[in-house]
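Peer 1: need a 3D model of the following:
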Amino acid sequence: MGNKIVQKDMLYEALIKIQDEFGGKTIEAATKKAHLSNEPSDNAKTTVLNLRFMRSNIKVKEELDGPSKNIGSEKSAGARSEKDV
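Peer 2: Numbers count the residues shown, from 1 in each chain. Predicted coordinates:
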């Protein structure tokens, strides 16, 4: 028999501080570059201030006996089983 494979997905909420510097011929030009930037540059300094664990989910990735399925996801989602009907 081969190995069984499961996948664990973990979700975290992160508070991250990013410091980036912008230059220009004038303060106004540098400020405009900073205002128009949508992503940090490769030289930006990044600091993780806080990480908060939200939840995790384990699911069967590969199984010889049948298809993939989530472990315990129905109970945690509040789904009704046949016994509840």
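Peer 1: every contact and neighbour count from this point should use C-alpha atoms.
Peer 2: Fine.
Peer 1: neighbours of Leu15, just the number please.
Peer 2: Using other Cα atoms under 10 Å, Leu15 has 11 other residues around it.
Peer 1: which residues touch it?
Peer 2: Val48, Leu49, Asn50, Leu51 (Cα atoms under 8 Å, 6 or more residues apart in numbering).
Peer 1: A strand includes the last one, no?
Peer 2: Read that as Leu51. Yes. According to DSSP: H, G, I helix; E, B strand; the rest coil, Leu51 belongs to a strand.
Peer 1: burial measure for it, as a count.
Peer 2: 11.
Peer 1: of the contacts of Leu15, which is the nearest to Gly2?
Peer 2: Among the contacts of Leu15, Leu51 lies closest to Gly2 (Cα to Cα), at 36.7 Å.
Peer 1: nearest residue to the middle of this structure?
Peer 2: Ranked by distance to the mean C-alpha position of the chain (Cα atoms, centre = their mean), the top residue is Leu11 at 5.3 Å.
Peer 1: what sits up against the helix ranked longest in the chain?
Peer 2: Longest helix in the chain by number of residues (criterion: DSSP state H): helix 27-36. Helix 27-36 is contacted from outside by Glu21, Phe22, Gly23, Gly24, using Cα under 8 Å, 6+ apart.
Peer 1: which residue ranges of the chain form helices?
Peer 2: Here the chain has its helices, by DSSP H, at 27-36, 73-76.
Peer 1: residues in a beta bridge with Phe53, which ones?
Peer 2: Bridge pairing for Phe53 (DSSP bridges) gives the partners Tyr12.
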